[in-house]
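Q: coords please:
(2 chains)
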Amino acid sequence: MERWARSSDFGPDDPVVLTVEGTHGPIIHAVTQAAAERGVRAGSRLTDARAIDPALIAVPADPAGDEALVERLARWAGRWSPLVEVDGANALRLDVTGVAHLFGGERKLVAEVQTRFAVAGLTTRVAMAPTAAAAWALAHYGDAGAVICGKDTGAKLADLPVAALRLPPEATRTLERLGLKTVSMLAGIERRSLARRFRDADNPVDALDRALGRKPEPLTAIPTARPPRALLKLEEPATHPEAPMQALERLIPDLVQQLERRHLGARRLALIGFRVDGSTAVASAATSIPNREPTHLKRLIADKAAALDPGFGFDAFVLETSWAENLSSSQDSLIEEPSGTREVARLVDRLSVKLGPEKVRRPQPHESHLPERASGWRPALEKTEPVGTAPTPPRPQRMLDRPEAIAVVYATPEGVPRRFVWRRAVHDIARVEGPERIAPEWWRERSTARLRDYYRVEDQAGRRYWIYREGLIGDGRGSLPEWYMHGLFG
Amino acid sequence: MIGELWGDPAALDFTATRRLAVAAERSRVPCWLVRLAGTANLSGARMRWRIASMPSIANSFDPRAPGSPAWETELFRARGYPPGRWGVAHETGTFHLAAASGRGTLGEVERLRA
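A: Just a heads-up that it's a prediction; the model follows:
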């Protein structure tokens, strides 16, 4: 609703409702304050609401946009905790275990969360509790304003309606019909009799146990080893274009130290700037071999960091390596001489940053007998994997991208070629070697693909070519075989 | 370092080649510019070769098959060296002088390559 309100041209006093399509016509998804005062509630049908107040303005809601916003906010909320989870359509769950002291205590952390969201123009209900379920219940059904509880979680939950336990709607309705309106009433019932009547997801005993921490609630798995990251918080939002560069200066030594301690080298590097208005800007760079040299890393990311748009100002920076690989401290040789591979890798990194990772490529062999498939190009930043290649007869230094048809005089049906015409020039073949028969790859080609007989030929002037005849006479896969020029030898 | 160019691009003028040569000398990296279907116009290269194909060396296993490749090379412009012509053959791993049809000696060519 607030996302819509920010971009709409209705005044704050207009009774506007956002609707989604239901089975029986539009259903109200969200309401403005003005509409709520007239008695319209989210969840009811638009026609019913119109009966209450004919002056309602209905606007179709944009659930996909809402989802995108929540996801963006979740990424932004990474400033408080490394573990953020999107919980449902309108909730974020942060695991702040051991984090609060970085922000000056739990109270201050909650206050900061509230102010940050308020600055971004969003209303929040914040609750901090020992269990995720309790925090959810308090945030949704607790008092307005921030709730923090420790040992008194049970007491605070006691007065909440059973809906706060987050049971399926049918189970909640059944409980309410039984007269069990609040959590405390439910807690008074004998556990066994409740467990007998409600199964699996419906079981209120389980939900209660989860809320009170008697039963673990599975959270999204925490990565076992956090990627190395360095954080810099600014006193005041910085709008100066030099700010990201200065932050980088201070973050890189920190990050490199972490990498050194864990014997890692960065492969992917990102500088994330947190803006005051609730969005992030990212500058990223990649390396072709693991690297933790401060000057090199800085040079890679500096250009992109300088181009970061501060918007209304950055108030925090994070430099993190989303992909790090093992890199033991190494010395190339006893003599101080730069080794070739590292120099090339460094050049590749810099060129890739300048020109784009797709533009810098290196040749890569493939496991294939077909000569045109046996080699290809792939981005130089990607890892090269050694490919087992079978020993083959000599291959030409230069392959044509596409074999060119040639006219050949040869002894039919399977004799050696004598003379051929290529690009309108006649070549008399002086010496010839072959054939080398290469069968089509039947597992990926059509059944009509023909085999090839390759010949290595040399003409009178000493020019060496690689030509082939596609197919045999009478192989049942087409008419007379054709000849092609496929490569040139040095 | 080996670069390859087709034809006579306008960008490859005397200044460009000269820059390339100076940069290569300064960083002590041997630099070869292979030009296909180009004309021998003005260039700042320190040494300029013209290379053409030559009938290959006889194949000892099969007289009808092409053997080790051979080239006819001509050094037509170089600083400090007299021009000359050589026949060069390649056998896996090493270069051999097949027939010195010009003036130079083997030692000289070895030095030129280095």
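Q: Look up phi and psi at B:Gly80.
A: phi 90, psi 0 (degrees, to the nearest 10).
Q: Would you mind listing what in chain B touches chain A?
A: In this structure, chain B approaches chain A at residues B:53-56, B:59, B:62, B:64-66, B:69-71, B:90, judged by C-beta under 8 Å from any C-beta of the partner chain. Using the backbone N, CA and C atoms, a C-beta is placed for each residue, glycine as well.
Q: let's see it at 6 Å
A: Counting by C-beta under 6 Å from any C-beta of the partner chain, chain B comes close to chain A at B:53-56, B:64-66, B:69.
Q: Just list whatever residues bridge to the spatially most central residue of chain B.
A: For chain B, B:Trp49 is the residue whose C-alpha lies nearest the centre (C-alpha atoms, centre = their mean; 4.5 Å). Under DSSP bridges, the beta-bridge partners of B:Trp49 are B:Leu75.
Q: can you name the farthest residue from the center of chain A?
A: A:Ala411 (60.2 Å).
Q: What helix or strand is the residue lying closest to A:Arg210 once chain neighbours are set aside located in?
A: Nearest residue to A:Arg210, sequence neighbours excluded (C-beta to C-beta, 6 or more residues apart in numbering or on different chains): A:Ala133, at 4.3 Å. For A:Ala133, the host element (DSSP states H and E) is helix A:132-141.
Q: circling back to that earlier point, nearest residue to the residue farthest from the centre of chain A other than its sequence neighbours?
A: Nearest non-adjacent residue to A:Ala411, counting by C-beta to C-beta, 6+ apart: A:Arg418, 7.3 Å away.
Q: So A:Phe317, which state does it fall into?
A: Three-state assignment for A:Phe317 (DSSP: H, G, I helix; E, B strand; the rest coil): strand.
Q: tell me, how many neighbours does it end up with?
A: For A:Phe317, the count of nearby residues is 25 (other C-beta atoms under 10 Å in any protein chain shown).
Q: Over to A:Leu351?
A: Using other C-beta under 10 Å, A:Leu351 has 16 other residues around it.
Q: next one: phi and psi at it?
A: Phi and psi for A:Leu351, reported as degrees, to the nearest 10, are phi -70, psi -40.
Q: The residue nearest to it when sequence neighbours are not counted: neighbour count?
A: Nearest in space to A:Leu351, with sequence neighbours left out and distances taken as C-beta to C-beta, 6+ apart, is A:Val360 at 4.8 Å. Using other C-beta under 10 Å, A:Val360 has 19 other residues around it.
Q: Thought A:Ala380 was touching A:Val360, still the case?
A: Yes - if you go by C-beta atoms under 6 Å, A:Val360 and A:Ala380 touch, sitting 4.6 Å apart.
Q: Give the residues shared as contacts by the two.
A: The contact sets of A:Val360 and A:Ala380 overlap at A:Val348 (C-beta atoms under 6 Å, 6 or more residues apart in numbering or on different chains).
Q: Show the model's pLDDT score for the closest residue to B:Glu91 other than its chain neighbours.
A: Excluding its sequence neighbours, the residue lying closest to B:Glu91 (C-beta to C-beta, 6+ apart) is B:Ser68, at 4.9 Å. On pLDDT, B:Ser68 comes in at 82.
Q: ok, now A:Gln331?
A: As predicted, A:Gln331 sits at a pLDDT of 55.
Q: got it, and the one 10 residues further on?
A: A:Thr341 carries a pLDDT value of 73.
Q: ok, now A:Gly22?
A: At A:Gly22, the model reports a pLDDT of 75.
Q: distance of it from A:Ile28?
A: 10 Å (C-beta to C-beta, to the nearest Å).
Q: higher neighbour count, those two?
A: Ranked by neighbour count (other C-beta under 10 Å), A:Gly22 and A:Ile28 place A:Ile28 first, with 23 against 12.
Q: Tell me which residues are up against the helix or strand hosting the more buried one.
A: If you go by DSSP H and E, A:Ile28 is part of strand A:25-31. Residues outside strand A:25-31 that contact it (C-beta under 6 Å, 6+ apart): A:1, A:17-20, A:40, A:42, A:44-46, A:49, A:61.
Q: And for stretch A:236-251?
A: For stretch A:236-251, the external contacting residues (C-beta under 6 Å, 6+ apart) are A:230, A:232, A:273, A:276, A:305-306, A:308, A:310, A:313-315, A:317, A:319.
Q: Cross those residues against helices and list the overlap.
A: Under the assignment DSSP state H, these contribute A:305-306 to helices.
Q: Can you select the buried ones from the contacts of stretch A:236-251 in PyMOL?
A: Those of those that count as buried under 16 or more other C-beta atoms under 10 Å in any protein chain shown are selected in PyMOL with:
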select buried, chain A and resi 230+232+273+276+305+308+310+313+314+315+317+319
